[in-house]
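Q: Okay, predicted coordinates and the sequence, questions at the end:
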Amino acid sequence: MTTPRFDELIHPSTRLSLVSLLAAADWADFSFIRDQLGLSDSALSKQLSTLEQAGYVAVDRTIRRRVRARLTSDGRVAFLGHVAALQAIVATANAPSTGSAGDRSRN
């Protein structure tokens, strides 16, 4: 079972989309990620660098200037924990009201 843990680094929409994409693949080519997310080369490079510095993503740069990325095991744990935290938030929002202090019905 994954422990819910909200992760501020992963949460911004671009990084969350990037990590989600990488979670579904062993390795993904830079151009594939860029095209799937609709990012410029520089924007994707910046996001990959941020995630790589955190240890969430590994980036492989080959001699032929091919760049590919994958989610590290730490990145996968962080991503799954973040998803679990978001699911817990949604579950709380969808829970039936018990009429407690949060009940703000108007007459």
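A: Looks like it arrived, so ask away.

Q: So what does the closest residue to Arg66 other than its chain neighbours have for phi and psi?
A: Spatially, and ignoring its direct neighbours in sequence, Arg66 is nearest to Asp29 (7.1 Å; C-beta to C-beta, 6 or more residues apart in numbering). The C-beta positions use only the backbone N, C-alpha and C, and glycine is treated the same way. Torsion angles at Asp29 (phi, psi; degrees, to the nearest 10) stand at phi -70, psi 150.

Q: Asp29 bridge partners, please.
A: Arg68 (DSSP bridges).

Q: quick one, longest helix in the chain?
A: helix 73-94 (DSSP state H).

Q: Tell me the spacing between the spatially most central residue of the chain and Pro96.
A: Centroid check for the chain by C-alpha atoms, centre = their mean gives Leu16 as the closest residue, at 2.8 Å. Here Leu16 is placed at a distance of 29 Å from Pro96 (C-beta to C-beta, to the nearest Å).

Q: And the helices in this protein?
A: Using DSSP H, helices in the chain cover 13-23, 30-37, 41-53, 73-94.

Q: mind putting those helices in a markdown table, mean pLDDT and distance to Thr3 included?
A: Shown next, in a markdown table, are the helices of the chain (pLDDT from 0 to 100; distance: least, C-beta to C-beta, whole Å):
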| stretch | mean pLDDT | distance to Thr3 |
| --- | --- | --- |
| helix 13-23 | 97 | 17 |
| helix 30-37 | 98 | 28 |
| helix 41-53 | 98 | 20 |
| helix 73-94 | 94 | 6 |
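
Q: Quick one: closest of the ones you listed to Pro4.
A: Nearest to Pro4, of all the helices of the chain, is helix 73-94, at 3.9 Å by C-beta to C-beta.
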